[in-house]
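In: Please work out how this folds:
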Amino acid sequence: MGVAFGLLRLSPATFWAMTPRELNAALEALGIARGGAPERAELQRLMQLFPDTAEAGHDG
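Out: Alright, predicted model coming up:
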């Protein structure tokens, strides 16, 4: 998340400790927040690009 580290200058610990709402509020303050959940087509596209696999270090 280049925006979090570069633009917001968050440390990794701070970034991972944030809730999605806190991150969104920080992005809204900069005028770059995305509104709403992704549409089904966008979610499908992201799932194809970034599948959950055992190779990625996940169990199961």
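In: dump the residue contacts of Leu23.
Out: 4, 15 (C-beta atoms under 8 Å, 6 or more residues apart in numbering). (Each C-beta comes from the backbone N, C-alpha and C, glycine too.)
In: Does it belong to a helix, a strand or coil?
Out: Here Leu23 is recorded as helix under DSSP: H, G, I helix; E, B strand; the rest coil.
In: what about it, distance to Asp52?
Out: Computed as C-beta to C-beta, to the nearest Å, the Leu23 to Asp52 distance reads 21 Å.
In: How about Asn24?
Out: Using C-beta to C-beta, Asn24 is found at 23 Å from Asp52.
In: cool, Ala33 as well?
Out: Computed as C-beta to C-beta, the Ala33 to Asp52 distance reads 26 Å.
In: out of the two, which sits in the busier spot?
Out: Ala33 (12 against 9; other C-beta atoms under 10 Å).
In: With the flanking residues excluded, which residue is spatially nearest to the more buried one?
Out: Closest residue to Ala33 apart from its sequence neighbours, by C-beta to C-beta, 6 or more residues apart in numbering: Leu27 at 4.0 Å.
In: where exactly do the helices run in this protein?
Out: Counting by DSSP state H, the chain has helices at residues 2, 12-17, 20-29, 40-49.
In: Now tabulate those in JSON lines and tack on mean pLDDT.
Out: Shown next, in JSON lines, are these (pLDDT from 0 to 100):
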{"stretch": "helix 2", "mean pLDDT": "75"}
{"stretch": "helix 12-17", "mean pLDDT": "92"}
{"stretch": "helix 20-29", "mean pLDDT": "88"}
{"stretch": "helix 40-49", "mean pLDDT": "92"}
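In: Of those, which stretch is the most buried?
Out: helix 20-29 (a mean of 13; mean count of other C-beta atoms under 10 Å).
In: Leu27 versus Pro12, what's the distance?
Out: Taking C-beta to C-beta as the measure, Pro12 and Leu27 are separated by 17 Å.
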